[in-house]
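[1] The sequence and its predicted three-dimensional model are supplied below.
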Amino acid sequence: MAGYGCETCPVPDPTCYLDHAATTPLRPEARAAMLPWLGERFGNPSGAHRVARGARQAVDESRDAVAEVVGCRPGEVVFTSGGTEADNLAVAGSLAARPGGVLCSAVEHEAVLRAVTRAGGRTVPVDADGAVDLEALERLVGPDAALVSVMVANNEVGTVQPVAEVADVVRRRAPRAAVHADAVQAAAWLDLPDRLAGTHLVSLSSHKVGGPQGVGALVARRGMPLRAVAVGGGQERELRSGTHDVAGIVGFAAALRVVAATRAETAARVAAQRDRLGDALAAAIPGLVETGAPRDRRLPGTLHVCIPGVESEALLFLLDEAGLCASAASACASGAQQASHVLAAMGVAPGLASGALRLTLGWSTADADVDRAARVVPAAVARLREAAA
Ligand code: PLP
């Protein structure tokens with residue numbers, strides 16, 4: 001099955017897939033690593049016999065790989081069912097172990113935002129680029145704070161957050177507090193050890209880096225007080241009970257290894273594609289506004305735009321009809337378009353936000369995808385504007 005213009009891409013012709021922030025196609029290396037664990041190899045890693053030991057070894061090797069990419073000790077990696085569980089464990093699990101105030105940025109993913117709201121926490125405003133307002137953080141974070149959560153990069157507009165500066169403020173104002181970084185979107189693009197200085201907890205998700213869905217990890221640095229949210233067999237240092245998804249974990253690690261080995265080259269290629277698409281759309285669509293931080297402070301694959309006079313839902317429908325997969329905001333369970341809390345927090349006017357379009361490129365994006373989107377999006381916008389005139 002040849003991909004659209006890309007030799008190794010599993011996305012079938014004639015689909016033009018520009019929704020990598022929602023999920024990425026499985027990398028061939030991840031698939032190859034998983035296949036034995038969906039066939040002749042199996043075993044419960046918690047068991048005591050040779051089959052179990054084989055599975056445990058596979059999980060341990062995967063743990064080593066994740067730790068190397070993140071820049072932590074293998075014993076600090078807790079495998080979970082994905083980014084959502086990692087975020088929930090970080091917030092609820094750290095507050096259960098050490099109660100206190102909790103803050104997060106106003107543009108966090110719902111997995112953090114809702115966990116923080118449930119714990120009675122507060123949000124820290126962002127600026128018009130979607131970056132955390134450090135002065136506001138300084139005012140809001142008090143000595144009673146137990147946790148501050150900030151994403152490394154935003155899933156809608158791609159803005160990269162000043163995590164090290166956030167950690168500095170927290171260290172000064174609330175030395176007792178931990179810093180949680182949701183690196184789910186950043187992991188495919190940024191050098192994590194470099195970005196995670198000063199953090200105590202880090203969330204990762206496999207399917208955003210070319211691995212399988214339904215697996216991820218929470219990195220909990222040594223000494224970080226953390227209590228399990230769900231109880232059971234006591235796997236993962238008693239922090240995440242449940243039989244391991246060995247195939248998923250092995251695929252996740254394989255994807256992360258490829259990401260680490262190819263990151264610089266992929267980021268440069270995709271950023272150039274993203275810039276070319278952004279320039280083409282800006283030239284072809286009057287009034288289009290590119291959202292988020294300047295391109296060099298955004299994830300390389302993210303192009304978020306707001307198009308006046310167009311409703312996202314109608315635009316996405318036309319794009320889908322033309323074979324182009326995109327989105328307006330983050331994917332939610334119903335598939336329905338909801339008002340974006342990210343754009344609202346950035347102060348984007350509701351009239352403009354209703355014409356939001358998120359195009360996210362990734363490892364499998366070919367130049368032909370960019371050419372096609374540069375044709376299809378302006379044509380769909382023109383059709384909608386003509387119909388509305
Ligand atoms: N955090 C961020 C920033 C995300 O973008 C997502 C998914 O879109 C998640 C967390 C949730 O990850 P998962 O889909 O693995 O539960």
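    In hand now; what should we look at?
[2] Up against the ligand, what does the stretch 1-150 of the chain have?
    Gly82, Gly83, Thr84, Asp87, His109, Ala111 (Cβ under 6 Å from any ligand atom). Any C-beta I mention is one placed from the backbone N, CA and C, and that applies to glycine too.
[3] how about the residues you listed in a markdown table, adding secondary structure, neighbour count and pLDDT?
    Converted to a markdown table, these look like this (DSSP: H, G, I helix; E, B strand; the rest coil; neighbours: other Cβ atoms under 10 Å; pLDDT from 0 to 100):
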| residue | secondary structure | neighbour count | pLDDT |
| --- | --- | --- | --- |
| Gly82 | coil | 23 | 98 |
| Gly83 | helix | 27 | 98 |
| Thr84 | helix | 19 | 98 |
| Asp87 | helix | 31 | 98 |
| His109 | coil | 23 | 98 |
| Ala111 | helix | 21 | 98 |
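[4] Spatially, which two of the residues you listed are the most separated?
    Gly82 and His109 (11.4 Å; Cβ to Cβ).
[5] tell me the contacts of Pro193?
    Contact partners of Pro193, counting by Cβ atoms under 8 Å, 6 or more residues apart in numbering, are Val70, Gly71.
[6] mind checking how far it is from Val70?
    Pro193 sits 7 Å away from Val70, going by Cβ to Cβ, to the nearest Å.
[7] Leaving out chain neighbours, which residue sits closest to Val377?
    Leu281 (5.9 Å; Cβ to Cβ, 6 or more residues apart in numbering).
[8] which element is the one you found on?
    Leu281 belongs to helix 246-284 when assigned by DSSP states H and E.
[9] for whatever helix or strand comes next after that helix, packing partners?
    For helix 246-284, the following helix or strand on the C-terminal side (DSSP H and E) is strand 289-290. The contact analysis (3 or more Cβ pairs under 8 Å, 6 or more residues apart in numbering; DSSP states H and E) places strand 289-290 against strand 302-306.
[10] Direction included, what does the strand it packs on pair up with?
    strand 289-290 (antiparallel), strand 356-360 (antiparallel) (DSSP bridges).
[11] what residues does that strand touch?
    21, 156-158, 274, 277-278, 281, 288-292, 343, 348, 352-353, 355-361.
[12] Leaving out sequence neighbours, find the closest residue to Ala181.
    Ala181 sits nearest to Thr199 (Cβ to Cβ, 6+ apart), 4.4 Å away.
[13] And the residue of the chain that's closest to the ligand?
    Per Cβ to the nearest ligand atom, the residue of the chain with the smallest distance to the ligand is Gly83, at 2.5 Å.
[14] Just confirm that residue contacts Ser205, I think it does.
    Yes - assessed by Cβ atoms under 8 Å, Gly83 is found in contact with Ser205 at 3.3 Å.
[15] what's the overlap in contacts for those two?
    Val184, Gly216.
[16] Would you map the helices across the protein?
    Using DSSP state H, the helices of the chain run over 28-34, 50-70, 83-88, 94-97, 110-118, 134-140, 163-173, 192-195, 246-284, 312-321, 341-345, 350-353, 367-388.
[17] wait, what's in contact with the spatially most central residue of the chain?
    Among the residues of the chain, the one closest to the centroid is Gln185, at 2.4 Å (Cα atoms, centre = their mean). By Cβ under 8 Å, 6+ apart, the contact list for Gln185 reads Ala21, Met151, Val152, Ala153, Asn154, Asn155, Gly158, Lys208, Leu299.
[18] What separation is there between the closest residue to the first one other than its chain neighbours and Asn155?
    Distance criterion Cβ to Cβ, 6+ apart; nearest residue to Ala21, sequence neighbours excluded, is Thr360 at 3.9 Å. Remark: distance between Thr360 and Asn155 (Cβ to Cβ) = 9 Å.
[19] Now list whatever residues contact both of these two.
    Contacts common to Thr360 and Asn155, judged by Cβ under 8 Å, 6+ apart, are Ala21.
[20] so Gly54 touches Gly43, yeah?
    Yes - under the criterion of Cβ under 8 Å, Gly54 makes contact with Gly43 at 5.5 Å.
[21] Among the two, which residue is more densely surrounded?
    Comparing Gly54 with Gly43 by neighbour count (other Cβ atoms under 10 Å), the higher total belongs to Gly43, at 20 against 17.
[22] Kindly present the residues of the stretch 1-150 of the chain next to the ligand as TSV, with separate columns for distance to Ala119.
    Converted to TSV, these look like this (distance: Cβ to Cβ, whole Å):
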residue	distance to Ala119
Gly82	20
Gly83	18
Thr84	16
Asp87	12
His109	16
Ala111	13
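[23] now, among those residues, which is nearest to Leu318?
    Nearest member of those to Leu318, counting by Cβ to Cβ, is His109, at 27.5 Å.
[24] The residue nearest to Ala181: neighbour count?
    Neighbour number of Thr199 under other Cβ under 10 Å is 26.
[25] quick one: contacts for the residue of the chain closest to the ligand?
    Contacts of Gly83 (Cβ under 8 Å, 6+ apart): His109, Ala111, Asp182, Val184, Ser203, Leu204, Ser205, Lys208, Gly216.
[26] what sits against the fourth one?
    It stands for Val184. Val184 is in contact with Gly83, Ala86, Asp87, His109, Met151, Asn155, Ser203, Leu204, Ser205, Lys208, Gly216, counting by Cβ under 8 Å, 6+ apart.
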